[in-house]
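> Structure here, sequence nowhere to be found:
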């Protein structure tokens, strides 16, 4: 057993899972590989008092039974269990239809399934389970989770590590940076594209890597699909398809431009952020200290935006998320639309204290504007 595996940091989705797992419903947990989906299931089952079945969709026998579309076979497979738990459910053909049959014929059963990509699982569970499912997303560890085992001075001391090595559970619990680098490079080489490359028609793993490397240098900037296509000798449509797949594989997160009133607001191009800083840095093989880097601002922005999205997901805070920029180069890094209001956030690593853009104030006078920096960021993300 490794040192990292000895400790469990309580995941925020554990509380949500306990609340949502109920008879006649399917809880679908999405998340990138190695973010702790299996760990979450095991922790959930520790307090389970009713009989349950825990299986893995990568098992050929499990796939045979749970893709059968035979009520008799499905009922026999579940047996007397009150809870069915399926890890890696995206591997099972027609899993959504089969789960619907189980729910319809065994209405007292609770079902939990996980998937490391949302392509096939979302498509398969979507229509058959309409009205019968809840969805949870699992990210690399959030600071609001890590904070449970850290005192404030430790959080401040570990901030640089979070920006450089990210927040995968194993990475957070490791003590040496060389081990973190090795682990992240393994994530990138072995797991990051696995689900994408299993899809028909995706044959260019080198181009996927190159696409991600190009995006790694464009954090906080609008991305031109045409320019990316030219750089990669690919069509704009192919680039768009790859980006969509990388979002569904939980590698990237897209932000669109906000616009409501002004003609010169940018809306066509998007910005892309990495779900984990460590993965981003592994892609470009740069684990230098912050004092040796020229991209600290980008790392800071990527980190805070992803931590904010984790907070929204885990606390079930409904919001639409954007950036805002005009062709006259007035901009706001992150905009939330929630509770009928607009909240603008400017993210700065240094000591700059920007004022709200004049066009933002005039176009959206009821909105708020806040600077997020190292002095107040913990309130923003936890």
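Done, it's in. Quick caveat, the model's predicted, so the values are computed rather than measured.
> Go ahead and confirm residue 283 touches residue 209.
Yes: using CB atoms under 8 Å, residue 283 is in contact with residue 209, at 7.1 Å. All C-beta atoms are positioned from the backbone trio N, CA, C, and that covers glycine.
> Neighbour count: these two, which is higher?
Using other CB atoms under 10 Å, the more surrounded residue of residue 283 and residue 209 is residue 283, with 21 against 15.
> show me the contacts for that one.
By CB atoms under 8 Å, 6 or more residues apart in numbering, the residues touching residue 283 are 188, 209, 212, 213, 216.
> Restricted to strands, list these.
Among the contacts of residue 283, none falls in strands (DSSP state E).
> which among those residues end up buried?
Buried members of these, counted by 16 or more other CB atoms under 10 Å: 188, 212, 216.
> ok, the contacts of residue 283 vs residue 242, which is closest?
residue 212 (9.3 Å; CB to CB).
> so that closest one touches residue 243, yeah?
No: checked against CB under 8 Å, the pair residue 212 and residue 243 is beyond contact range at 9.8 Å.
> Overlap in contacts, the two.
The contact lists of residue 212 and residue 243 share residue 252, where a contact means CB under 8 Å, 6+ apart.
> What residues sit buried inside the longest helix along the chain?
As assigned by DSSP state H, the longest helix anywhere in the chain is helix 296-314. Neighbour-count burial for helix 296-314, counted by 16+ other CB under 10 Å, picks out 296, 298-314.
> Please apply the same query to stretch 344-360.
344, 345, 346, 347, 348, 349, 356, 357, 359, 360.
> Show only the entries of those residues found in helices.
359, 360.
> Out of the buried residues of stretch 344-360, which two are the most distant from each other?
Greatest spatial distance among those (CB to CB): 349 and 359, at 24.5 Å.
> At which residues are the helices of the stretch 101-250 of the chain located?
119-126, 143-146, 152-165, 169-173, 177-186, 194-197, 205-216, 225-232, 236-248 (DSSP state H, counting those that start in this stretch).
> Let me know the helix or strand that the residue of the chain most remote from its centre is in.
In the chain, counting by CA atoms, centre = their mean, residue 72 sits farthest out from the average C-alpha position, at 37.1 Å. Per DSSP states H and E, residue 72 falls inside helix 71-78.
> what lines up beside the following helix or strand past that helix in the sheet?
Later in the chain than helix 71-78, the nearest helix or strand by DSSP H and E is strand 83-87. Strand 83-87 has its sheet partners listed here by DSSP bridges as strand 52-56 (parallel), strand 110-115 (parallel).
> Give me the residues contacting strand 83-87.
21, 37-38, 41, 45, 48, 50-57, 62, 66, 78, 92, 95, 102, 109-114.
> got it, and stretch 166-176?
The contact list for stretch 166-176 (CB under 8 Å, 6+ apart) reads 2-5, 7, 9, 34-36, 39, 139-143, 146, 165, 180, 183-184, 187, 276-281.
> which stretches of the stretch 101-250 of the chain have low pLDDT?
By pLDDT under 70, the low-scoring segments of the stretch 101-250 of the chain are 117-127, 195, 198-204.
> So which residues make contact with stretch 207-223?
Stretch 207-223 is contacted from outside by 193, 196-197, 202, 228, 231-232, 234, 239, 242-243, 246, 251-252, 257, 266, 269-274, 280, 283-284, 295, 297-299, 301-302, 325, 333, using CB under 8 Å, 6+ apart.
> Buried among these? Make that a PyMOL selection.
The buried subset of these, as determined by 16+ other CB under 10 Å, is captured in PyMOL by this line:
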select buried, resi 193+196+202+228+232+234+239+242+243+246+251+252+257+266+270+271+272+273+274+280+283+295+298+299+301+302+325+333
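> Now do the helices in the stretch 251-382 of the chain.
Counting by DSSP H, counting those that start in this stretch, the helices of the stretch 251-382 of the chain are 277-283, 296-314, 358-363, 377-381.
> same question for the third one, mean pLDDT?
Predicted confidence along helix 358-363 averages 93 (mean pLDDT).
> how about residue 331, what does it touch?
Contact analysis of residue 331 by CB under 8 Å, 6+ apart lists 323, 324, 325, 357.
> before we move on, the earlier item: relative to helix 152-165, how tilted is the longest helix of the chain?
If you take axes from the mean of the first three to the mean of the last three CA atoms, to 10 degrees, helix 296-314 sits at 110 degrees to helix 152-165.
> tell me the angle helix 296-314 makes with helix 205-216.
Between helix 296-314 and helix 205-216, the angle formed by their directions is 100 degrees, by the same axes, to 10 degrees.
> let's number from 42 now, not from 1
Right, with 42 as the first residue, what we last looked at is helix 337-355.
> pLDDT on helix 337-355, on average?
Mean predicted confidence for helix 337-355 is 98.
> what's in contact with it?
The contact list for helix 337-355 (CB under 8 Å, 6+ apart) reads 53-54, 57, 177-178, 180, 183-185, 203-205, 260-261, 294, 296, 314-318, 321-322, 331, 334, 358-360, 362, 374-375, 388-391, 413, 418, 421-423.
> For the residue farthest from the centre of the chain, give me the pLDDT.
95.
> Double-check residue 76 against residue 177; I have them as touching.
No: if you go by CB under 8 Å, residue 76 and residue 177 don't touch, sitting 11.9 Å apart.
> would a markdown table of the strands paired with strand 124-128 with distance to residue 66 and mean neighbour count be doable?
A markdown table is the format used below for these (distance: least, CB to CB, whole Å; neighbours: other CB atoms under 10 Å):
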| stretch | distance to residue 66 | mean neighbour count |
| --- | --- | --- |
| strand 93-97 | 15 | 17 |
| strand 151-156 | 7 | 25 |
